[in-house]
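Engineer: mind folding the following:
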Amino acid sequence: MKRVLFLIMPMLLFVFAFQPTHLFTVKGSVTDESGQPLSSVAIQYKGVSQKAFTNSKGYYQITVPSKNGQLIFSALGYATTVVNIKGKSEINVSLKKSTVTVQQEVILSGKAAKYRTMSNADKMQSPMMLSRMPNSYTTQDDGGYYSSSGNDEKVIDFNREGYDKITENPFKKVNDYPLSTFSIDVDAASYSNVRRFLNQGQLPPAGAVRIEEMINYFKYDYDQPTNGQPFSIHTEIASAPWNTKNKLVLIGLQGKKIPTDNLPASNLVFLIDVSGSMWSSNKLPLVKASLKMLVDQLREQDKISLVVYAGAAGLVLPPTSGAEKTKIKDAIDKLNAGGSTAGGAGIKLAYKTAEENFMKNGNNRVILCTDGDFNVGESSDDAMERLIEEKRKTGVFLTVLGYGMGNYQDAKMQKLADKGNGNHAYIDGISEAKKVLVNEFGGTLFTIAKDVKLQIEFNPAKVQGYRLIGYENRMLAKEDFNDDKKDAGELGSGHTVTAIYEVIPVGVESDFLKDVDPLKYQKEKTKLSPTAHNGEILTVKFRYKEPDGEVSKLIVQPVKDENIALANTSDNFRFATAVAEFGMLLRNSAFKSNATYTNVLEMARHARGKDDEGYRSEFIRLVESTQMLAKAQPEKDEMPLSQPIRKMDLTGK
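Structural biologist: Below you'll find the predicted structure:
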């Protein structure tokens with residue numbers, strides 16, 4: 001008998017070990033005490049490392065191993081809540097503001113700062129700070145959710161991330177510089193990247209904060225264009241909330257919205273980085289989930305190809321009709337990361353594939369998905385830029401989708417998109433992928449006007465000084481405006497572009513404007529009457545080309561001065577202004593004057609307007625979290641390198 005038991009015991013163990021697990025799905029929403037949805041709230045099944053996160057509307061979905069057990073809901077600035085599942089498939093939770101002192105310990109070394117967030121009860125002393133980030137993601141069909149599993153404490157050395165230094169646009173005297181010229185920017189990568197930092201409980205580096213991209217992340221309710229123009233122009237003027245002596249001038253463009261069914265056929269080449277640096281869950285797995293959502297938008301007349309690059313480049317899916325979605329998704333599923341990064345070879349093969357299948361009067365585009373960490377072949381910025389500049393002459397546009405953290409090369413991604421007649425987005429989660437590739441499908445992938453430039457001429461009778469908020473890497477020489485050989489930004493179907501000038505009216509004393517000695521050889525300019533030119537404050541000039549054109553078209557629109565109270569401006573004006581003020585605070589701008597997070601919140605809350613996707617509500621919550629983080633930051637002279645910094649209160653008290 002013992003012999004029989006001895007023989008069958010391994011078989012029994014094998015059978016029981018592989019009994020099917022009965023998984024259970026729970027979904028619901030998370031709000032604050034006032035009923036506003038909370039995004040980026042972490043939901044975890046107690047005893048399991050898997051996590052889910054709420055989307056911009058506060059919704060979540062998580063698969064758990066049992067109908068019984070507990071879910072833990074946690075978010076920065078809110079008290080952690082534990083809920084018993086008790087077989088319920090829907091659990092809605094309201095989080096209360098935290099009364100626990102949350103502290104952040106920071107240790108600086110000569111290379112990078114590292115952070116770890118702790119509560120009063122957490123007394124562990126660590127030799128370095130840990131950034132809590134999900135280690136892997138799994139998407140849900142509902143859209144907007146992603147879960148994590150694995151060890152959720154991970155050391156992130158942000159010193160490997162690459163950002164260009166931004167030198168803010170200064171105030172300029174109108175008498176010396178009457179013209180301001182720049183290229184439009186429809187990229188929104190900076191906002192989602194900044195959001196990633198803030199959701200980790202860290203303030204972003206100044207180089208990551210491009211204010212124009214933060215403003216243009218959001219939709220604005222501008223009127224659609226008429227008279228056959230590809231875009232309409234909108235202007236609005238009111239006092240600056242951070243410096244009431246000055247005025248803000250908002251200039252908005254609305255791109256013509258083309259219904260998806262009427263869009264031209266597409267020849268899309270996905271260029272996917274499958275090198276070793278893309279192994280982590282917020283890179284290649286998220287890329288695959290993103291591309292599958294894009295595939296669902298394709299039509300029969302659209303064609304798609306897959307090119308991958310690691311140690312070498314290869315074509316893994318030849319041009320395939322958008323109707324063959326299963327075939328395309330199967331090819332995406334087979335992608336795995338490994339090897340070095342031959343970025344130059346991949347880009348060449350992708351453009352070659354696009355050129356060989358070029359659709360006349362169609363949308364021909366390479367979609368690059370990468371962390372930008374090229375290290376083999378043509379990896380220098382100059383070489384890559386020259387390659388992209390050469391390839392854009394073929395009529396193939398470029399979309400750059402950035403993924404990951406720790407080694408994310410933001411500066412390189414910006415350059416590639418700028419040089420490739422394209423756009424750049426940073427995908428920090430499946431919700432952002434849905435926004436870029438589904439909700440804004442036409443604007444991301446279909447260009448309606450290229451080389452779009454703006455030139456503003458200020459009336460010296462009304463304005464003595466001005467500065468453009470953001471667009472530092474889009475500034476052009478005044479001569480570039482009429483030069484059709486000079487490259488500029490592209491405008492996609494349905495896209496909005498917003499720019500804000502801060503102007504110093506004539507007669508206002510300002511420390512931002514400095515005098516110089518009188519010129520010896522130049523005549524002093526005659527002062528104009530304030531009523532000169534019918535009270536115009538400025539004139540806006542636009543130049544653009546058709547997507548396949550080489551000669552630009554000109555539009556001129558004068559703007560009259562107005563004295564409108566901020567409270568009486570449109571939701572467009574106030575929300576864009578709130579985002580601009582938030583960006584200046586994040587950058588610790590020299591021009592922020594009396595800007596505060598409280599002012600940002602007040603403006604944004606009253607200008608939320610129609611917010612179907614919940615992005616503006618998410619912004620408000622992000623500002624609330626940032627306000628607490630900012631209060632915890634030590635003064636710079638208190639932070640000598642290589643010395644531990646004291647623990648700091650993050651509650652905002």
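
Engineer: is Pro547 in a helix, a strand, or coil?
Structural biologist: At Pro547 the chain is in coil, as set by DSSP: H, G, I helix; E, B strand; the rest coil.

Engineer: for it, give me phi and psi.
Structural biologist: Phi and psi for Pro547, reported as degrees, to the nearest 10, are phi -50, psi -30.

Engineer: what number of residues lie near it?
Structural biologist: 20 (other CB atoms under 10 Å). Backbone N, C-alpha and C define where each C-beta goes, glycine included.

Engineer: now it: how far from Tyr60?
Structural biologist: 40 Å (CB to CB, to the nearest Å).

Engineer: how about Arg605?
Structural biologist: Using CB to CB, Arg605 is found at 24 Å from Tyr60.

Engineer: go on, Leu71?
Structural biologist: Applying CB to CB, the value for Leu71 to Tyr60 is 10 Å.

Engineer: hey, what's in contact with both of the two?
Structural biologist: Each of Ile43 lies in contact with both Leu71 and Tyr60 under the rule CB atoms under 8 Å, 6 or more residues apart in numbering.

Engineer: who has more neighbours out of these two?
Structural biologist: More crowded of Leu71 and Tyr60, by other CB under 10 Å: Tyr60, with 31 against 22.

Engineer: element containing that one, please.
Structural biologist: In this assignment (DSSP states H and E), Tyr60 forms part of strand 59-64.

Engineer: what's the answer for Gly28, then?
Structural biologist: strand 24-32.

Engineer: and that strand, what does it pack against?
Structural biologist: If contacts are counted by 3 or more CB pairs under 8 Å, 6 or more residues apart in numbering; DSSP states H and E, strand 24-32 sits against strand 59-64, strand 70-75, strand 93-95.

Engineer: 7 Å instead?
Structural biologist: Judged by 3 or more CB pairs under 7 Å, 6 or more residues apart in numbering; DSSP states H and E, strand 24-32 is in contact with strand 59-64, strand 93-95.

Engineer: count the residues that sit near the closest residue to Lys334 other than its chain neighbours.
Structural biologist: Setting aside the residues directly before and after it, Lys334 is nearest to Val316 in space (CB to CB, 6 or more residues apart in numbering), at 7.5 Å. Using other CB under 10 Å, Val316 has 15 other residues around it.

Engineer: neighbouring strands - and their directions - for the helix or strand harbouring Val316?
Structural biologist: Assigned by DSSP H and E, Val316 falls within strand 313-321. Here strand 313-321 is paired, per DSSP bridges, with strand 303-309 (antiparallel).

Engineer: where does the stretch 201-350 of the chain have low pLDDT?
Structural biologist: Applying pLDDT under 70 to the stretch 201-350 of the chain flags residues 311-312, 339-343.

Engineer: secondary structure element holding Asp187?
Structural biologist: Under the criterion DSSP H and E, no helix or strand holds Asp187.

Engineer: give me the phi and psi angles of it.
Structural biologist: Main-chain dihedrals, Asp187, degrees, to the nearest 10: phi -70, psi 150.

Engineer: rewinding a little: so of the helices and strands packed on strand 24-32, which one's packed in deepest?
Structural biologist: strand 59-64 (a mean of 22; mean count of other CB atoms under 10 Å).

Engineer: on contacts alone, who are the packing partners of it?
Structural biologist: Judged by 3+ CB pairs under 7 Å, 6+ apart, the packing partners of strand 59-64 are strand 24-32, strand 42-45, strand 51-53.
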